[in-house]
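[1] Need a 3D model of the following:
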Amino acid sequence: MKKPLSGDEGLSFDGMPTGKSLSDFWRWSSSDLLNNTLRGAYAEFIVASALDLNVVDSTREDWTPFDLLYHNKRIEVKSAAYLQAWGGHKQSFIQFSIRPTQAWYPETGYEGSVERQSDLYIFCLYTVRNPDEANPLLLDGWDFYVLPTYILNNHCGEQKSISLASLLNLHPIACKYDGVSKAADALLGVLVSTRQIPE
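    Residues are numbered from 1 along each chain as shown. The predicted model follows:
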């Protein structure tokens, strides 16, 4: 895992500073947390911090078959929001990707069968509907739904996405930010005790 940069690093050309820094780039590229692509990475960060994983001295790896490793168990994080970065007051229909994938490794390329690669899914929904009140940094505006992967496999097969209503019909553990780790621990404990996943 690469050591994270501080943001103070400067851009240079021909051995001379340009007056711009890495933090300038981060502000330019990563300030709109409602952007679909960025929101997914931000949701991973939120979940990682809720699980007390090291998000300060590590960097995100976006090529791995799953998003987070928690007590040696694989977690997939998915996000959705009623509001979108392109603005307007039309609210989005909430659905999450649950597409089965083939694992890819930098050393060997694609390996194994097409399947869901995690033990647990954590679905993150940004619930604020008023654009004037939107601030994804306020974590009170996020809802989380925690569900074992085998339930998706049993009920959804090769389905590529799931609506919020259909997800709720599968009875995930619903929680706020401060309940994510408790929900994950409870479900992983059950999965291990029932031998759905190895210890």
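
[2] Show the subsequent helix or strand relative to the strand ranked longest in the chain.
    Ranked by number of residues, the top strand in the chain under DSSP state E is strand 73-81. Toward the C-terminus, strand 73-81 is succeeded by strand 95-97 as the next helix or strand (DSSP states H and E).

[3] Figure out the length between the terminal residues of stretch 171-186.
    Distance across stretch 171-186, first residue to last, is 14 Å (C-alpha to C-alpha, to the nearest Å).

[4] quick one: average confidence on it?
    Across stretch 171-186, the average pLDDT comes to 98.

[5] Pull the residues that contact the longest strand of the chain.
    Contacts to strand 73-81, defined as C-beta atoms under 8 Å, 6 or more residues apart in numbering, come from residues 34, 39-40, 42-44, 47, 51, 65-69, 92, 94-98, 116-126, 128, 149, 164, 184, 188, 191, 197. Backbone N, C-alpha and C define where each C-beta goes, glycine included.

[6] Of the residues you listed, which belong to helices?
    39, 40, 42, 43, 44, 47, 149, 164, 184, 188, 191 (DSSP state H).

[7] ok, of the contacts of strand 73-81, which come out buried?
    In those, burial by neighbour count holds for 34, 39-40, 42-44, 47, 51, 65-68, 94-96, 98, 116-126, 128, 149, 164, 184, 188, 191, 197, counting by 16 or more other C-beta atoms under 10 Å.

[8] List the pairing partners of the longest strand of the chain within its sheet, with orientation.
    Looking at strand 73-81 with DSSP bridges, its partner strands are strand 68-70 (antiparallel), strand 120-126 (parallel).

[9] check contacts around residue 112.
    So residue 112 contacts 102, 103 (C-beta under 8 Å, 6+ apart).

[10] Could you confirm it falls within a helix?
    No: assessed with DSSP: H, G, I helix; E, B strand; the rest coil, residue 112 is strand; it does not lie in a helix.

[11] Please report how far it lies from residue 149.
    For residue 112, the distance to residue 149 equals 15 Å [C-beta to C-beta, to the nearest Å].

[12] what does residue 124 give?
    From residue 124 to residue 149 the distance is 16 Å (C-beta to C-beta).

[13] between the helix or strand encompassing residue 182 and strand 73-81, how many degrees?
    Taking DSSP H and E as the criterion, residue 182 maps to helix 180-193. Counting by axes from the mean of the first three to the mean of the last three C-alpha atoms, to 10 degrees, helix 180-193 lies at 140 degrees to strand 73-81.
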